[in-house]
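> Got a predicted structure plus its sequence, pasted below:
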Amino acid sequence: MPKKELFDLTGKIALVTGASRGIGEAIAVTLADYGAEVIVSSRKIDGCQAVADKINAAGGKAHAMACHIGEMDQITETFAKIREQFGRLDILVNNAATNPYFGHVLETDLGAFQKTVDVNIRGYFFASVEAGKMMKEQGGGVICNTASINGVKPGLAQGIYSITKAAVINMTQTFAKECGPMGIRCNALLPGLTDTKFASALTSNEQMLEKVNSSLPLRRAAQPDEMAGAVLYLVSDAASYTTGECLVVDGGSLIA
């Protein structure tokens, strides 16, 4: 295949969860830029529609589809709609996540624990199951999970979130191992600190942010679009022999 076509996603149907802002939005825009027809999904339809409109205005193809990944019935309904409307799914990017509690692990309450597990583990798992069933029928596909470097090295005051992201790493390897014979690849993106609303508990604290940045080889947090290229690689033919891998994009945080 010519090198310039390795990243071409023309004709592919891609679902990106948590795509109304931040890293998810950047991923959706990038996949569309490279030819994919993107289903922009998040909890609220207005945010999804705004991103889809932006993609369409730029000449891409996108559709808005609301789905709360922490609600099982909404996952089922969403994949039924995708099957009915598109008849296939080539790419799933599990990016929706939650981190409702920022504080000492001993103070984690059951509500925060359950919400984090429901979205970050159960949601990713059953979205992957639904996507995997469709991909098996059509002879293959790609799943990419947004995990975190916290899944390798727990973040301070981010206990349950870090635990769920460690689970996503193992989940990625499990799906890669069991679904590889079906032509389904599964990999994960492990972002470091990224300047998004999701990370605002840290990035909005100037003293804490300065301390974190000073420990990073690149001395700054990432911008959301700096994550999108890694996902483009993982879901494209450029990564056709890559599965079960975790691609770290962290400004050198783990080696600092």
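Okay, I see it.
> buried stuff in stretch 122-142?
In terms of neighbour count (16 or more other CB atoms under 10 Å), stretch 122-142 has its buried residues at 122-125, 127-128, 130-132, 134-135, 141-142. In short, each C-beta sits where N, CA and C put it, glycine included.
> which residues sit against it?
The contact list for stretch 122-142, computed with CB atoms under 8 Å, 6 or more residues apart in numbering, reads 15, 17, 69-70, 72, 75-76, 79, 82-83, 88-92, 94, 96, 143, 145, 168, 171, 175, 179, 182-187, 234-235.
> I'd like to know which of the residues you listed are buried.
Of all these considered here, the ones buried according to neighbour count by 16+ other CB under 10 Å are 15, 17, 69-70, 75, 79, 82, 89-92, 94, 96, 143, 145, 168, 171, 175, 179, 182, 184-187, 234-235.
> Just the ones of these in helices?
Cross-referencing the buried ones among the contacts of stretch 122-142 against helices under DSSP state H gives 75, 79, 82, 168, 171, 175, 179, 234-235.
> Same list, the residues you listed, but as CSV with pLDDT please.
Converted to CSV, these look like this (pLDDT from 0 to 100):
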residue, pLDDT
I75, 98
F79, 98
I82, 98
V168, 98
M171, 98
F175, 99
C179, 98
L234, 98
V235, 98
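> What I need now is those residues written out in JSON lines, including distance to K44 for each item.
Written out in JSON lines, the entries for those read as follows (distance: CB to CB, whole Å):
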{"residue": "I75", "distance to K44": "16"}
{"residue": "F79", "distance to K44": "19"}
{"residue": "I82", "distance to K44": "19"}
{"residue": "V168", "distance to K44": "23"}
{"residue": "M171", "distance to K44": "26"}
{"residue": "F175", "distance to K44": "28"}
{"residue": "C179", "distance to K44": "31"}
{"residue": "L234", "distance to K44": "27"}
{"residue": "V235", "distance to K44": "25"}
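> Now A19: phi and psi?
phi -100, psi 10 (degrees, to the nearest 10).
> From what I see, it and V40 are in contact.
Yes: because the distance of 4.5 Å satisfies CB atoms under 8 Å, A19 is recorded as touching V40.
> Overlap of the contact sets of the two?
With contacts taken as CB under 8 Å, 6+ apart, the residues that reach both A19 and V40 are 25, 28, 48, 51.
> Could you check how many residues crowd around the first one?
Spelled out, that is E25. The local packing of E25 (other CB atoms under 10 Å) involves 26 other residues.
> Alright, I will stop here.
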